[in-house]
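A.B. asks: Predicted model and sequence below, questions to follow.
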Amino acid sequence: DYTKGLRKSSDFNIHAFMQSEVVDYSSPLARKMGADTIIDPTKEDVPSRVRSITEENGADVFLEMSGNSTAFEQGLRSLTNGGVVSLLGVFPGDVSFDINGLFTFKGLTMYGITGRKMFETWQVATQLLKNKRIDLSPVVTHILPAERFEEGFDAMKKGISGKVVLEF
């Protein structure tokens, strides 16, 4: 799933930065943003691959951005005990999974897109951008005049864009 803005950086203690991705267009973008490994969930078992990369430990952090219930379950299976999951994607409906085995007994911490850390997160992100510690320019793949908004939406629907910026 798109990382769009996360990057391997000296500001974070990242051993391995992995991304699960099914859209071919997104893989080079993920690499530009610092992904060490791209895992195609249609060709590989994501939790098994994550365990092999992390010496059987599992990932410490999982960012779910797709709103896809299968990706969500794969991510939970990929986390180490005591790991952290941030739900950033919006799911189209109810999500069903083994809450005891994949969450409760693993001692996971879960965050949604709003909450008490929201403003702290914005402050950290603002400082990273202000101090040029992170470059998000590769994420912007289309800059269009506002009257061509349909072209931008079409690119997003087809999975052939990163962020689309409309100029007014």
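C.D. replies: Great, that's in hand. Residues are numbered from 1 along each chain as shown.
A.B. asks: For the helix or strand hosting Phe153, which helices and strands make contact with it?
C.D. replies: For Phe153, the element it lies in under DSSP states H and E is helix 149-158. Contacts defined by 3 or more CB pairs under 8 Å, 6 or more residues apart in numbering; DSSP states H and E place helix 149-158 against strand 140-145, strand 163-167. Just so you know, the C-beta spots here come from the backbone N, C-alpha and C atoms, and that holds for glycine as well.
A.B. asks: which residues sit against the first one?
C.D. replies: Outside strand 140-145, the residues within contact range by CB atoms under 8 Å, 6 or more residues apart in numbering are Leu29, Glu151, Gly152, Ala155, Ser161, Gly162, Lys163, Val164, Val165, Leu166, Glu167.
A.B. asks: Name the strands paired with the top strand by length along the chain and say parallel or antiparallel.
C.D. replies: Scanning the chain for the longest strand, with DSSP state E as the assignment, gives strand 79-87. Paired neighbours of strand 79-87 in the sheet (DSSP bridges): strand 59-64 (parallel), strand 109-111 (parallel).
A.B. asks: Spell out the residue ranges of the helices in the chain.
C.D. replies: 26-32, 46-53, 69-78, 99-102, 118-130, 149-158 (DSSP state H).
A.B. asks: Just say which of the ones you listed is most tucked in.
C.D. replies: Scoring these by mean neighbour count under mean count of other CB atoms under 10 Å gives helix 69-78 as the most buried, with a mean of 20.
A.B. asks: Give me the angle between that one and helix 46-53.
C.D. replies: 30 degrees (axes from the mean of the first three to the mean of the last three CA atoms, to 10 degrees).
A.B. asks: let's have the chain start at 38 instead
C.D. replies: Understood, numbering begins at 38; the last thing we discussed is helix 106-115.
A.B. asks: Give me the helices and strands touching helix 106-115, please.
C.D. replies: Using 3+ CB pairs under 8 Å, 6+ apart, helix 106-115 sits against strand 55-57, helix 83-90, strand 96-101, strand 116-124, helix 136-139.
A.B. asks: Off-centre distance for the third one?
C.D. replies: By that I understand strand 96-101. 8 Å (CA atoms, centre = their mean, to the nearest Å).
A.B. asks: Now it: buried residues?
C.D. replies: Neighbour counts using 16 or more other CB atoms under 10 Å place Ala96, Phe99, Leu100, Glu101 of strand 96-101 among the buried residues.
A.B. asks: now, which of those residues sits nearest Val161?
C.D. replies: For the buried residues of strand 96-101, the minimum distance to Val161 (CB to CB) is 14.7 Å, reached by Leu100.
A.B. asks: wait, the closest one sits on Leu125?
C.D. replies: Yes: counting by CB atoms under 8 Å, Leu100 touches Leu125, with 6.0 Å between them.
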